[in-house]
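Q: show me the folded form of this:
(one chain, ligands or ions: 1)
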Amino acid sequence: MISNALFLAALIATTSAWSADKSGAHHDHAAHSHGQGQVELVVQGDMVQLDLEIPMESLLGHEHLPKTPAQKKAMAELQAGAVQSDYFVSLPAAAACQLQSAQAQSDMFLGKKSEHSDLDIQLQYKCGKPAALQQLEFTVFKKHPRLGSLKVDMLTPKGQGSITVKPKGPVIRW
Ligand SMILES: [Zn+2]
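A: So this is what the prediction gives:
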């Protein structure tokens, strides 16, 4: 067992490393690859925190601003759906997790046109029975078949790791 203080130190160090990575990535949008998203996952005590960055192309099939009524409807649905509890992930029912906060941001939601656009999602859950919190399924693959993989950097009670999740194996366990 890793001590609480050590775990916290690791958490803080990892979180700031991630923040540094992220700000770098935002300056270089050419770095994003269509079909590939990135996830930062932290599971600590009764808390689950997710930070996802997914190319809009993988979610909508385009990165230009919506033109047709169908494209406008699809983007509105994405914007509304993205802050729902089970849109991107599903946590075990036995863990009794509640979504505490959710944010979804994209240049495209602001009507800004750029060559590449991402959807950035931050989700935080609090779980009533954290002992049952041992896996997570990425349900987003079912809704968005253009999304081929998610690279997940994670910090869980079992330690730190990195894994690439694909539609055929959307569940990670720890
Ligand atoms: Zn792109």
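Q: next, the distance between the ends of stretch 91-108.
A: 29 Å (Cα to Cα, to the nearest Å).
Q: buried stuff in it?
A: For stretch 91-108, a neighbour-count test (16 or more other Cβ atoms under 10 Å) marks 91, 95, 97, 99, 102, 104, 106-108 as buried. From N, CA and C alone the C-beta is placed, and that goes for glycine too.
Q: can you check stretch 156-174 too?
A: 156, 165, 170, 172, 174.
Q: now the end-to-end length of it.
A: Taking Cα to Cα as the criterion, the two ends of stretch 156-174 lie 7 Å apart.
Q: gap between it and the chain center?
A: Centroid separation between stretch 156-174 and its chain, computed with Cα atoms, centre = their mean, to the nearest Å, is 13 Å.
Q: so which residues make contact with stretch 125-142?
A: With contacts defined as Cβ atoms under 8 Å, 6 or more residues apart in numbering, stretch 125-142 is touched by 39, 41, 43, 45-49, 54, 85-92, 94-100, 147, 150, 165-167, 170-174.
Q: redo that, cut-off 6 Å
A: Stretch 125-142 is contacted from outside by 46-48, 88-92, 94-100, 147, 150, 165, 167, 170-173, using Cβ atoms under 6 Å, 6 or more residues apart in numbering.
Q: of those residues, which belong to strands?
A: Among these, DSSP state E puts 47-48, 89-90, 97-100, 150, 165, 171-173 in strands.
Q: residue contacts, Gln49?
A: 42, 124.
Q: try it again at 8 Å.
A: Contacts of Gln49 by Cβ under 8 Å, 6+ apart are 40-43, 122-125.
Q: any of these buried? List them.
A: Here, 16+ other Cβ under 10 Å leaves 40-43, 123-125 buried among the contacts of Gln49.
Q: excluding covalently adjacent residues, which one is nearest to Gly35?
A: Gly148 (3.9 Å; Cβ to Cβ, 6 or more residues apart in numbering).
Q: since we're on that neighbour, how many residues are nearby?
A: If you count neighbours by other Cβ atoms under 10 Å, Gly148 ends up with 16.
Q: doesn't Ser33 make contact with it?
A: No: at 9.4 Å, Gly148 does not count as touching Ser33 under the criterion of Cβ atoms under 8 Å.
Q: what about this structure, any weak spots by pLDDT?
A: By pLDDT under 70, the low-scoring segments of the chain are 1-31.
Q: which bits of this protein sit near the ion?
A: Proximity of the chain to the ion, by Cβ under 5 Å from the ion, involves residues 55, 57, 63, 116.
Q: could you pull out the helices for the chain?
A: 4-27, 56-60, 69-81, 140-143 (DSSP state H).
Q: state the distance from Ala74 to the ion.
A: Distance, Ala74 to the ion, by Cβ to the ion, to the nearest Å: 17 Å.
Q: having no further points to raise, I will conclude here.
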